[in-house]
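Trainee: Below is the sequence, then the predicted model.
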Amino acid sequence: MGERCGWCGDDPLYVTYHDTEWGVPEHDGRALWEKLILDGFQAGLSWITILRKRDNFRAAFQGFHPGAIATWGEPEVARLLTDPGIIRHRGKIEATIGNARAYLAMGGAEAFADRIWSHVGGAPLVNHFATLDEVPASTPLSERVSKDLKQAGFRFCGPTITYAWMQACGLVNDHLVGCPARRV
């Protein structure tokens with residue numbers, strides 16, 4: 001058995017996330033949406049910061065229920081800007097509300113999942129990287145998915161955020177060759 005991907009270090013929370021969640025194919029559209037939102041909040045920060053605050057985000061954003069979030073306005077934005085348990089960034093909070101509206105306009109969970117998975121033909125793309133240096137920050141595919149999301153009204157979903165999200169949700173399997181969590 002090889003070594004796990006080095007990006008998670010030895011933080012127990014990060015190791016558990018790597019071993020049990022990162023790269024596991026996610027087909028539930030609501031869960032895909034939540035992870036996209038969290039990846040958007042990560043922009044400019046480390047993932048471990050978001051992971052440590054994930055339960056706070058879930059509480060603050062009503063379990064990431066798009067139907068509820070889509071109805072929010074300035075009072076909810078103001079409330080979230082005072083919540084120390086989350087990343088208090090107006091643009092990211094407002095994007096979450098807009099992204100909930102875009103998600104619903106797209107048709108909700110099943111339509112969102114179908115649309116996202118159609119970009120990879122319904123099955124994870126498996127890469128064969130031996131070192132972290134080989135793993136790209138974005139790809140032509142993540143550029144296409146990002147463009148598709150933006151055309152549908154999503155924000156905070158540039159090619160780099162989108163690629164990280166695709167890795168996390170198992171659309172792309174970027175566990176290093178030899179990683180025990182590779183699952184192929």
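Mentor: Done, it's in. Quick caveat: nothing in here was measured; it's all calculated off a predicted structure. Numbers count the residues shown, from 1 in each chain.
Trainee: In the biggest helix by length in the chain, which residues are buried?
Mentor: Scanning the chain for the longest helix, with DSSP state H as the assignment, gives helix 90-106. Of the residues in helix 90-106, 92-104, 106 count as buried by neighbour count, 16 or more other CB atoms under 10 Å. Quick note: C-beta positions are derived from backbone N, CA and C, even for glycine.
Trainee: Quick one: the strands in this structure, in order.
Mentor: Counting by DSSP state E, the chain has these strands, from start to end: 125-126, 172-173.
Trainee: which residues are in contact with the last one?
Mentor: Yep, that's strand 172-173 we're talking about. Strand 172-173 has contacts (CB atoms under 8 Å, 6 or more residues apart in numbering) with 23, 120, 124, 125, 126, 127, 141, 163, 166, 182, 183, 184.
Trainee: what about the strands of the chain, which gets the closest to residue 45?
Mentor: Using CB to CB as the measure, strand 172-173 is the one of these that comes nearest residue 45, at 21.4 Å.
Trainee: check contacts around the nearest residue to residue 182 once chain neighbours are set aside.
Mentor: Nearest residue to residue 182, sequence neighbours excluded (CB to CB, 6 or more residues apart in numbering): residue 175, at 4.1 Å. Contact analysis of residue 175 by CB under 8 Å, 6+ apart lists 5, 22, 23, 181, 182, 183.
Trainee: For the second one, grab the count of nearby residues.
Mentor: Right, the one you point to is residue 22. Residue 22 has 22 neighbouring residues, counting by other CB atoms under 10 Å.
Trainee: Surely it is in contact with residue 167?
Mentor: Yes - contact between residue 22 and residue 167 holds when scored by CB atoms under 8 Å: they sit 7.1 Å apart.
Trainee: Okay, helices next: where are they in the chain?
Mentor: Using DSSP H, helices in the chain cover 12-20, 29-42, 47-60, 66-69, 74-81, 90-106, 109-118, 140-151, 159-168.
Trainee: As CSV, those helices with distance to residue 131 would be great.
Mentor: Listed next are the helices of the chain as CSV, based on distance: least, CB to CB, whole Å:
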stretch, distance to residue 131
helix 12-20, 16
helix 29-42, 23
helix 47-60, 19
helix 66-69, 38
helix 74-81, 39
helix 90-106, 32
helix 109-118, 28
helix 140-151, 20
helix 159-168, 15
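Trainee: Mind putting those into CSV with mean pLDDT and distance to residue 134?
Mentor: Shown next, in CSV, are these (pLDDT from 0 to 100; distance: least, CB to CB, whole Å):
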stretch, mean pLDDT, distance to residue 134
helix 12-20, 97, 17
helix 29-42, 98, 21
helix 47-60, 97, 19
helix 66-69, 98, 36
helix 74-81, 98, 38
helix 90-106, 98, 30
helix 109-118, 98, 25
helix 140-151, 98, 16
helix 159-168, 98, 13
